[in-house]
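Engineer: Quick one: sequence and predicted model below, then my questions.
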Amino acid sequence: MKLYLATGNKHKKKEMQEILPWVEIKIPADEGIEFDPVENGASFMENSLIKAHTLWEIVHAPVIADDSGLCVDALGGEPGIFTSRYAGADAPHGRADGKKIAQSEQNRLLIEQLNATNSKNRSCRYVCSIVLLFSPDRFFVAQETFEGELVESIEKQAGTGGFGYDPIVFLPEYGCTVAEISAEEKNKISHRGKAVRAISKLLKEE
């Protein structure tokens, strides 16, 4: 089965392919498709639906889309749906010019913003909302979480696996960061892994 993944992120494609090895995953760039939807939804689910519908209108084939991000409790759930655009306490929803900053800088600024609150609560979670869309009127949604804690300082970031904020998200039950666990283990317990497995049951019935 061929399934289009509504993203330009090759890391997401790799993770998705590892979780769904029996499905042929294609991202728009694989077929020279320009894909840059305006993600102006108010939730992870709304943004997933926007991406899924936008790509379906181009390929007219089954599409899977996800919107995910990191929510920090002491920051009121920020950066949330603005995770990829986060640019520090002064620009939590992204820079005015729309340019994204380096991930290493995002990691440092997020820890600094949390530390500035003097809160002892360092709990956070990744959230992933997955949409499996067969047609504009037929789709399924699964949303899952992956709990952790932000490390106390940028000096305590660790690991080279995963991507994004993984080096600064600590997993107490594992005694290490998300970036320090194997890809196989991450796929078992991550927000995306759990959401995709829920959706995969539907795919197997098609």
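Structural biologist: Happy to help now that I have it. Numbers count the residues shown, from 1 in each chain.
Engineer: can you give me the helices for this structure?
Structural biologist: Ranges of helices within the chain are 10-19, 44-59, 103-116, 183-189, 191-205, based on DSSP state H.
Engineer: Dump these to JSON lines, plus mean neighbour count, mean pLDDT and distance to Ile81.
Structural biologist: Where C-beta positions appear, they are placed from N, C-alpha and C, glycine not excepted. Shown next, in JSON lines, are those (neighbours: other CB atoms under 10 Å; pLDDT from 0 to 100; distance: least, CB to CB, whole Å):
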{"stretch": "helix 10-19", "mean neighbour count": "17", "mean pLDDT": "86", "distance to Ile81": "16"}
{"stretch": "helix 44-59", "mean neighbour count": "20", "mean pLDDT": "97", "distance to Ile81": "6"}
{"stretch": "helix 103-116", "mean neighbour count": "18", "mean pLDDT": "98", "distance to Ile81": "15"}
{"stretch": "helix 183-189", "mean neighbour count": "15", "mean pLDDT": "90", "distance to Ile81": "22"}
{"stretch": "helix 191-205", "mean neighbour count": "17", "mean pLDDT": "87", "distance to Ile81": "14"}
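Engineer: In CSV, list those helices along with distance to Leu3.
Structural biologist: Converted to CSV, the helices of the chain look like this (distance: least, CB to CB, whole Å):
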stretch, distance to Leu3
helix 10-19, 9
helix 44-59, 10
helix 103-116, 27
helix 183-189, 17
helix 191-205, 8
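Engineer: Tell me which of those helices sits nearest to Val72.
Structural biologist: In terms of CB to CB, the element of those nearest to Val72 is helix 103-116, at 6.0 Å.
Engineer: ok, and what's touching the closest one?
Structural biologist: 70, 72, 74-75, 78-79, 86-89, 92, 101, 122, 150-154, 157, 163-165, 167-168 (CB atoms under 8 Å, 6 or more residues apart in numbering).
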